[in-house]
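In: missing the sequence, but the structure's below:
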């Protein structure tokens with residue numbers, strides 16, 4: 001095996017070594033081998049990134065929209081051109097299969113494309129002659145240096161929920177990616193540099209809690225965007241707001257799929273498998289609970305189990321259906337939930353601990369797992385497992401299923417499968433969840449809508465991307481003006497431009 005490579009920070013337009021005294025191991029989850037070591041930032045390293053971003057904001061925040069958009073479009077073209085390379089980096093460090101990694105990049109690219117049209121969303125309003133000779137208008141301006149803390153499960157897409165919009169709006173960025181798979185963030189930084197983004201506008205700082213805390217309390221950071229577990233999201237929100245920052249912190253999930261007896265069984269079974277086991281269940285929008293309204297459960301469980309038997313778990317570079325989990329510690333944690341579910345009396349229909357992977361034996365393997373006869377008091381129902389474990393809860397009615405969803409502390413995503421339009425409409429009105437799918441198992445909104453849940457799945461009142469994203473990364477001003485008669489400006493027959 002070759003020696004592990006070193007991953008450093010990206011500050012002020014170039015790699016930044018700093019005085020790293022600590023580092024973290026980066027694994028190839030399919031082989032269990034350490035492939036890189038990433039520097040962990042000190043508070044001084046983090047401050048260097050913030051100061052670079054602060055200096056760059058003075059120019060970037062006043063750069064014309066036309067010039068900012070030229071950089072955005074170049075970044076979009078470079079990202080599209082090199083998306084396969086980025087997908088390979090994600091698979092090598094996270095473990096998800098290549099097709100899933102490419103899908104992640106594509107969804108992030110959609111946000112970049114949305115941000116390229118930012119001029120429309122940055123428009124203000126104008127009211128003429130509100131009083132004699134007086135006009136009133138509104139404008140939106142960037143807020144400054146913004147911090148982004150992103151999770152391991154989507155090392156490209158989740159940061160791209162935030163930084164394209166922040167940069168398009170005139171802000172500068174300090175990104176703290178997950179230390180488990182930091183390579184994607186560095187690749188994106190290089191693409192920004194090639195696109196002509198001025199030095200210091202986009203910075204990447206690696207690390208653990210020390211780096212996060214330094215970002216949360218830094219006086220020159222205006223906002224924090226975070227995605228991760230609910231416990232950490234609550235900490236990020238309380239700490240960031242206590243230090244005067246605008247914070248959007250997206251937390252955990254326990255997404256339910258409610259299946260009515262009239263649902264298309266084939267579509268439902270396909271969707272449950274796709275949404276439950278894609279990316280090894282390491283998705284905040286994964287379906288982890290199927291609420292089967294009787295008498296559909298027996299047929300549905302059999303259909304799901306039959307499809308699971310065809311899945312191939314293994315190295316994501318070998319054309320498998322599902323890859324490994326991100327670390328051995330996380331694999332063991334998920335396996336512990338499987339043991340707990342079995343001990344609690346749930347029926348273990350498919351045991352992923354017995355998987356025979358198409359990959360190195362040292363990889364972090366756990367195959368797709370299916371439980372039936374799960375009850376709401378079991379930890380496999382109450383907790384966010386974040387792995388390939390699907391639980392079937394049998395309910396007697398639509399009302400019982402709805403009550404389970406609404407009483408759960410998480411409210412990120414949910415889905416209903418039915419052929420009854422009235423039932424679907426009733427569900428979307430009554431369910432207390434932020435993102436809803438109707439015969440769609442993973443209802444992740446398009447970039448021009450906003451992403452985010454309810455209840456313990458969100459801290460703060462602003463969701464990611466869409467119009468809410470531009471609102472989060474800008475501040476409004478209202479101007480009341482009165483002017484004397486205009487002064488003649490001279491003759492100019494040239495075509496007006498806005499460069």
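Out: Cool, got the structure. Since this is a predicted model, take the numbers as computed values, not measurements.
In: what residues are up against the residue nearest to residue 409 when sequence neighbours are not counted?
Out: Take residue 409 and drop its neighbours on the chain: the residue closest to it by C-beta to C-beta, 6 or more residues apart in numbering is residue 456, 4.6 Å away. Every C-beta, even on glycine, is put in place using the N, C-alpha and C of the backbone. Contacts for residue 456 (C-beta atoms under 8 Å, 6 or more residues apart in numbering) come out as 230, 234, 251-252, 409-411.
In: what do you get for residue 346?
Out: Per C-beta under 8 Å, 6+ apart, neighbours of residue 346: 371-375, 378, 380, 391.
In: just residue 315 next, same as before
Out: Taking C-beta under 8 Å, 6+ apart as the test, what residue 315 contacts is 30-31, 323, 357-360, 363.
In: if we can go back for a sec, farthest pair within the contacts of residue 456?
Out: Largest separation among the contacts of residue 456 by C-beta to C-beta: 234 and 411, giving 14.5 Å.
In: Tell me which of these two has more neighbours.
Out: residue 411 (24 against 14; other C-beta atoms under 10 Å).
In: now the strands: where do they sit in the stretch 1-150 of the chain?
Out: 5-7, 9-11, 14-16, 22-28, 33-40, 126-131, 134-142, 145-149 (DSSP state E, counting those that start in this stretch).
In: Which positions within the first one qualify as buried?
Out: I take that to be strand 5-7. residue 7 (16 or more other C-beta atoms under 10 Å).
In: Check which helices and strands that strand is in contact with.
Out: strand 33-40 (3 or more C-beta pairs under 8 Å, 6 or more residues apart in numbering; DSSP states H and E).
In: Let's see which of the contacts of residue 346 end up in helices.
Out: Counted as lying in helices by DSSP state H, out of the contacts of residue 346, are residue 380.
In: Any of the contacts of residue 346 buried? List them.
Out: 371-374, 378, 380, 391.
In: got the phi/psi numbers for residue 228?
Out: phi 170, psi -160 (degrees, to the nearest 10).
In: Go ahead and confirm it touches residue 148.
Out: No: using C-beta atoms under 8 Å, residue 228 is not in contact with residue 148; the gap is 11.6 Å.
In: can you give me the offset of stretch 133-142 from its chain's centre?
Out: The chain centre lies 34 Å from the centre of stretch 133-142; the measure is C-alpha atoms, centre = their mean, to the nearest Å.
In: What residues sit buried inside that stretch?
Out: 140-142.
In: Can you tell me which of the residues you listed comes closest to residue 17?
Out: residue 142 (29.8 Å).
In: So the closest one sits against residue 474, correct?
Out: Yes: using C-beta under 8 Å, residue 142 is in contact with residue 474, at 6.0 Å.
In: Highest neighbour count among the contacts of residue 315?
Out: Sorting the contacts of residue 315 by how many neighbours each has (other C-beta under 10 Å) puts residue 323 first, at 30 neighbours.
In: in terms of contact, does it touch residue 282 like I think?
Out: No: with contacts counted by C-beta under 8 Å, residue 323 stays clear of residue 282, the gap being 9.5 Å.
In: Overlap in contacts, these two.
Out: Joint contacts of residue 323 and residue 282 (C-beta under 8 Å, 6+ apart) are residue 96.
In: List the residue ranges of this protein that fall below the pLDDT cut-off.
Out: The chain contains residues with pLDDT under 70 at 1, 486-489, 498-499.
In: again, only using 80
Out: 1-2, 18-20, 485-492, 494-499 (pLDDT under 80).
In: Is it possible to get JSON lines of the strands of the stretch 1-150 of the chain that adds distance to residue 223?
Out: Supplementary listing: those in JSON lines, determined by distance: least, C-beta to C-beta, whole Å:
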{"stretch": "strand 5-7", "distance to residue 223": "26"}
{"stretch": "strand 9-11", "distance to residue 223": "19"}
{"stretch": "strand 14-16", "distance to residue 223": "23"}
{"stretch": "strand 22-28", "distance to residue 223": "26"}
{"stretch": "strand 33-40", "distance to residue 223": "23"}
{"stretch": "strand 126-131", "distance to residue 223": "27"}
{"stretch": "strand 134-142", "distance to residue 223": "10"}
{"stretch": "strand 145-149", "distance to residue 223": "5"}
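In: can you give me the helices in the stretch 251-400 of the chain?
Out: For the stretch 251-400 of the chain, applying DSSP state H, counting those that start in this stretch gives helices covering 265-277, 297-308, 328-343, 379-382, 398-407.
In: and residue 206, which of the ones you listed is closest to it?
Out: Of all the helices of the stretch 251-400 of the chain, helix 328-343 comes closest under C-beta to C-beta, at 18.9 Å.
In: which residues sit against that closest one?
Out: Against helix 328-343 from outside (C-beta under 8 Å, 6+ apart): 32, 281, 324-325, 348, 351-353, 364-366, 369, 371, 374, 378-380, 383, 385-389, 391.
In: Out of the residues you listed, list just those in strands.
Out: Those of the contacts of helix 328-343 mapping onto strands are 348, 369, 371, 389, 391, per DSSP state E.
In: Nearest to residue 270, out of the strands of the stretch 1-150 of the chain?
Out: Among the strands of the stretch 1-150 of the chain, the nearest to residue 270 by C-beta to C-beta is strand 22-28 (30.3 Å).
In: what are the pairing partners of the closest one, and which direction each?
Out: Sheet pairing for strand 22-28, assigned by DSSP bridges, gives strand 33-40 (antiparallel).
In: Buried ones in the strand it pairs with, by neighbour count?
Out: Quick answer for strand 33-40 (16+ other C-beta under 10 Å): 35-40.
In: Pipe those into a markdown table and attach distance to residue 173 per row.
Out: Putting these into a markdown table (distance: C-beta to C-beta, whole Å) gives the following:
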| residue | distance to residue 173 |
| --- | --- |
| 35 | 27 |
| 36 | 23 |
| 37 | 24 |
| 38 | 19 |
| 39 | 19 |
| 40 | 20 |
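In: name the element the spatially most central residue of the chain belongs to?
Out: A centroid search over the chain (C-alpha atoms, centre = their mean) returns residue 158, at 3.1 Å, as the residue closest to the centre. Using DSSP states H and E, the element containing residue 158 is helix 157-168.
In: what does that helix contact?
Out: 60, 68-69, 72, 75, 104-105, 107-109, 111-112, 114-116, 118, 146, 148, 150-151, 173, 175, 177, 184-185, 188, 197, 201-202, 225, 227, 451, 464-465, 469-470, 473.
In: Can you tell me which of those end up in helices?
Out: Checking these against DSSP H, those in helices are 60, 68-69, 72, 75, 104-105, 107-109, 111-112, 114-115, 118, 184-185, 188, 469-470.
In: Any chance of a ChimeraX selection covering the buried ones in those?
Out: Selection of buried members from the ones in helices among the contacts of helix 157-168 for ChimeraX, criterion 16+ other C-beta under 10 Å:
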select :60,68,69,72,75,104,105,107,108,109,111,112,114,115,118,184,185,188,469,470
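In: Cheers, nothing more for now.
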